[in-house]
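> How does the following fold in three dimensions:
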Amino acid sequence: MEMNETLRERQQLAYERISQIAADPEINGAVGDYFQKTGKFALLILKARELAEEDYFAKASVDELKAWNEKLYEDIAGNAYETSYANPAYAVAELGEEYGNVLSFVYTELRGMIVYAFEKRDEELLIHLELFLQIHSEFAEGDLPTKRQLGQDVYWFVSDYSDVLVSYRIREQLDPTLSFARDIIMKADLTDPSYLYQFGEYITDREIRMSEFLNRLPEAEIERIASVFTEGYRIGFEVNEKDLKKKRTVNIRYCLGFERIIRQAVKNFEEMGLESIIYRAAVSRVNMREANKIGYYSSSPNRQYDYDHKGDAALFLDKAFVERKLGVMRTTYEQYKELAAVHGGPAVMEIFGETPFEPAACPEAYKLADRQQENQVLLYSKSGQMTNEYIKGEERSFTIIAFPVPDIGDKFEEIFRETVKINTLDYRTWQRIQQCMIDVLDTGEKVHITGSGENRTDLYVVLASVKDPAHETVFENCVADVNIPVGEVFTSPKLTGTTGLLHVSGVYLDGLYYKDLVLSFTDGMVTDYDCGNYENTDENRRYIRENVLYHHDTLPMGEFAIGTNTTAYVAARKYGIEALMPILIAEKTGPHFAVGDTCYSWEEDVVTHNPDGKKIIAKENECSALRRKDPGKAYFNCHTDITIPYEELDEIAVIQKDGTKVPIIQKGRFVLPGTEELNVPLDEWK
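Numbering: from 1, shown residues only. This next block holds a predicted model:
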């Protein structure tokens with residue numbers, strides 16, 4: 001859209017003033033250096049905005065594009081981050097405790113202007129330039145500001161402009177006319193990887209190699225891969241007995257480099273009557289969910305940078321801000337409620353194979369105070385309820401699939417083809433085998449899971465009661481629909497009586513590593529937790545509370561499942577990539593336990609059946625049963641799967657009402673009659 005005259009005038013004034021500051025910050029010492037460097041970065045972004053208007057990033061040579069990409073991200077990439085004002089530790093060391101944290105936040109928030117320049121979002125670009133000028137004026141005019149004064153400037157910026165930043169975020173999730181990324185995907189020459197620089201994301205060898213690899217695959221193979229992805233979405237509606245014909249849009253989330261598959265997916269969805277919405281992962285802290293990236297994105301310039309700033313909401317997250325953001329969300333959903341009603345949910349393509357990341361503790365980084373953690377939980381709860389009100393859980397679905405990226409090693413191409421094989425396994429075989437397990441599990445009162453060797457797991461999971469065995473079942477027979485690949489049976493366990501210790505020697509959850517992760521459950525609720533990542537116990541507990549419990553004091557066991565995909569398990573060990581497998585595949589390679597919501601949150605009352613026709617009855621627990629009276633106590637808006645690999649298992653056994661024990665797995669092997677076929681890949685590997 002053309003900028004109106006007022007915006008043009010404000011932008012011109014901002015440009016002139018920032019040019020002056022970049023030449024002469026008018027402030028001495030380290031603070032002056034901060035404003036001068038940040039001013040120069042702002043001018044760089046304004047130049048990028050000019051070039052975007054000229055369509056430069058679609059026409060320039062690959063060398064020019066690479067040089068621009070490096071300029072935009074050089075300050076936080078690699079070792080440069082150590083001496084960047086984006087680094088809270090460096091900022092505090094240089095600027096002092098009075099100013100370091102807040103100025104580091106301001107600079108980090110300004111880095112989001114890269115996106116606004118590429119997408120030509122001039123209002124967002126302008127308000128961030130004016131934030132910089134407001135902060136500068138505090139130092140240049142009169143007495144030096146206090147830390148509180150700078151914090152107030154940030155607070156009112158975030159609060160006042162929520163109607164711009166939050167409302168656009170909701171709109172871009174619903175409105176297919178916001179087609180920046182889709183236009184690149186559908187119109188660019190994908191045979192030339194230089195198209196990747198049009199997105200404005202940090203582009204590395206990973207994205208380029210991924211694009212080049214997919215370009216070498218025959219069209220039929222691309223169509224097959226995309227079809228598995230899109231058919232999983234369609235089948236998800238079908239098996240859950242939801243009407244796809246009511247929907248008009250689907251949200252595709254993926255990582256850059258996979259555009260050739262995504263282009264075909266867009267076409268496949270069009271044949272289903274769905275228009276694809278492809279929006280970017282949030283760049284403003286007001287719209288971020290800590291370190292999680294929801295949308296499309298590329299390699300991070302620096303994962304420690306991402307981690308250091310995940311608690312930046314500590315600057316503004318009070319009760320008033322929660323109410324402010326929820327109010328903007330309500331207004332925006334009302335404005336776009338017709339689009340929300342026809343939105344079908346996400347189709348997600350994840351990646352794996354990234355270099356494992358263990359974040360270093362940064363004492364200087366912002367962290368949410370106890371009251372703010374409560375506010376965060378409240379915000380997630382209320383926003384989740386609101387989203388479900390407009391995009392109804394009982395009417396939407398999703399699908400999720402994962403593929404490796406070149407970082408995984410020299411055998412990347414071989415591993416990619418093995419992953420395609422895993423993602424396309426014959427679901428009928430697993431459906432039959434898993435039904436044998438479900439038939440026995442349905443006779444049980446609880447399941448006992450014990451670890452082997454150094455694994456200390458000793459846990460009882462209580463199951464819902466089947467009153468009509470001929471027509472009811474407790475476990476879902478999960479084949480290749482919403483969760484690809486095949487290979488699990490799962491349930492929502494009863495909380496009362498679900499008690500014991502869950503231990504995993506090492507696991508990656510949402511890209512973060514946990515060593516010797518231990519969770520204790522009493523009546524289905526987490527009562528204690530620890531890990532071995534840090535020497536300090538308090539730091540270990542904080543790590544889990546922030547990244548597994550998501551600031552809740554406790555969470556319920558929302559899911560218990562038994563993974564059956566031994567083919568995937570063997571592939572992981574064959575290539576030595578156990579630690580790199582995404583939870584989507586890892587959860588199919590052993591029993592797993594989810595803390596948080598059940599798999600049926602917001603759709604407990606939707607009637608669904610297994611392929612054998614039996615109705616799935618275990619769709620809620622004692623927490624989610626409160627949804628009609630108090631949704632805030634029913635839902636936690638998180639769901640984290642934790643898997644015990646087969647080699648760490650001693651036994652999984654069904655305990656029947658009379659005390660009879662029926663083993664399903666013993667010493668890492670399936671022993672239940674009818675499941676022996678699952679041992680074939682294990683035997684062949686040995």
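
> Which positions within the lengthiest strand in the chain qualify as buried?
For the chain, the longest strand by residue count, based on DSSP state E, is strand 494-509. Going by neighbour count (16 or more other C-beta atoms under 10 Å), the buried part of strand 494-509 is 494-495, 498-509. Any C-beta I mention is one placed from the backbone N, CA and C, and that applies to glycine too.

> What pairs with the next helix or strand after it, parallel or antiparallel?
Toward the C-terminal end, the helix or strand that comes next after strand 494-509 (DSSP states H and E) is strand 512-522. Partner strands for strand 512-522, per DSSP bridges, with pairing direction: strand 494-509 (antiparallel), strand 525-530 (antiparallel).

> which stretches of the chain have low pLDDT?
For the chain, applying pLDDT under 70 flags the ranges 1-3, 480-481.

> Which strands or helices does the helix ranked longest in it pack on?
Longest helix in the chain, counting residues (DSSP state H): helix 29-53. For helix 29-53, the packing partners by 3 or more C-beta pairs under 8 Å, 6 or more residues apart in numbering; DSSP states H and E come out as helix 5-23, helix 62-73, helix 88-95, helix 100-110, helix 113-118, helix 122-140.

> rewinding a little: pick the one among the buried residues of strand 494-509 closest to Val447.
Nearest to Val447 out of the buried residues of strand 494-509 is Thr498 (C-beta to C-beta; 9.6 Å).

> Go ahead and confirm Asn565 touches Gly487.
Yes - between Asn565 and Gly487 a contact is recorded at 3.0 Å, counting by C-beta atoms under 8 Å.

> Domain parsing of this protein, as residue ranges.
Taking automatic domain parsing as the reference, the chain has its domains at 5-157, 172-399, 425-685.

> Quick one: closest of those domains to Val164.
Closest of these to Val164 is domain 5-157, at 6.0 Å (criterion: C-beta to C-beta).

> Now do that closest one: distance from first to last residue.
22 Å (C-alpha to C-alpha, to the nearest Å).

> now the buried residues of strand 494-509 as JSON lines including distance to Leu214?
As requested, these are exported to JSON lines (distance: C-beta to C-beta, whole Å):
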{"residue": "Lys494", "distance to Leu214": "46"}
{"residue": "Leu495", "distance to Leu214": "45"}
{"residue": "Thr498", "distance to Leu214": "44"}
{"residue": "Thr499", "distance to Leu214": "48"}
{"residue": "Gly500", "distance to Leu214": "45"}
{"residue": "Leu501", "distance to Leu214": "44"}
{"residue": "Leu502", "distance to Leu214": "39"}
{"residue": "His503", "distance to Leu214": "40"}
{"residue": "Val504", "distance to Leu214": "34"}
{"residue": "Ser505", "distance to Leu214": "35"}
{"residue": "Gly506", "distance to Leu214": "32"}
{"residue": "Val507", "distance to Leu214": "30"}
{"residue": "Tyr508", "distance to Leu214": "25"}
{"residue": "Leu509", "distance to Leu214": "28"}
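
> Looking at the residues you listed, which is nearest Lys47?
Once C-beta to C-beta is applied, the member of the buried residues of strand 494-509 that ends up nearest Lys47 is Tyr508, at 39.3 Å.

> about what we covered before: may I see the domains of the chain arranged in a markdown table, with distance to Asp407 as well?
Shown next, in a markdown table, are those (distance: least, C-beta to C-beta, whole Å):
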| stretch | distance to Asp407 |
| --- | --- |
| domain 5-157 | 15 |
| domain 172-399 | 5 |
| domain 425-685 | 9 |
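
> secondary structure element for the nearest residue to Val266 once chain neighbours are set aside?
In space, and not counting its chain neighbours, Val266 is closest to Ser276: 4.6 Å by C-beta to C-beta, 6 or more residues apart in numbering. Secondary structure from DSSP H and E places Ser276 in strand 275-277.

> Residues touching that strand, excluding its own?
172-176, 178, 182, 248-252, 265-266, 269-270, 343 (C-beta atoms under 8 Å, 6 or more residues apart in numbering).

> Of these, which belong to helices?
Of the contacts of strand 275-277, the ones assigned to helices by DSSP H are Glu172, Gln173, Leu174, Arg182, Ala265, Val266, Phe269, Glu270.

> Okay, and the nearest residue to the fifth one once chain neighbours are set aside sits in which element?
This means Ala265. The shortest distance from Ala265 to any non-neighbouring residue, by C-beta to C-beta, 6+ apart, is to Ala226 (4.7 Å). Here Ala226 sits within helix 219-239, counting by DSSP H and E.

> by contact count, what packs against that helix?
Using 3+ C-beta pairs under 8 Å, 6+ apart: helix 219-239 touches helix 259-271, strand 343-352, strand 399-404, helix 412-423.

> nearest to Asp605, of these?
Asp605 lies closest, by C-beta to C-beta, to one member of those: strand 343-352, at 17.6 Å.

> If you count contacts, what does the closest one end up packed against?
helix 219-239, strand 249-253, helix 259-271, strand 399-404.

> how about that strand: buried residues?
In strand 343-352, counting by 16+ other C-beta under 10 Å, buried: His343, Gly344, Gly345, Pro346, Ala347, Val348, Met349, Ile351, Phe352.

> Out of these, flag the one nearest to Val286.
For those, the residue nearest Val286 by C-beta to C-beta is Pro346; the value is 21.2 Å.

> nearest spatial neighbour of that closest one, skipping sequence neighbours?
Spatial nearest neighbour of Pro346, excluding adjacent residues (C-beta to C-beta, 6+ apart): Asn251 at 4.5 Å.
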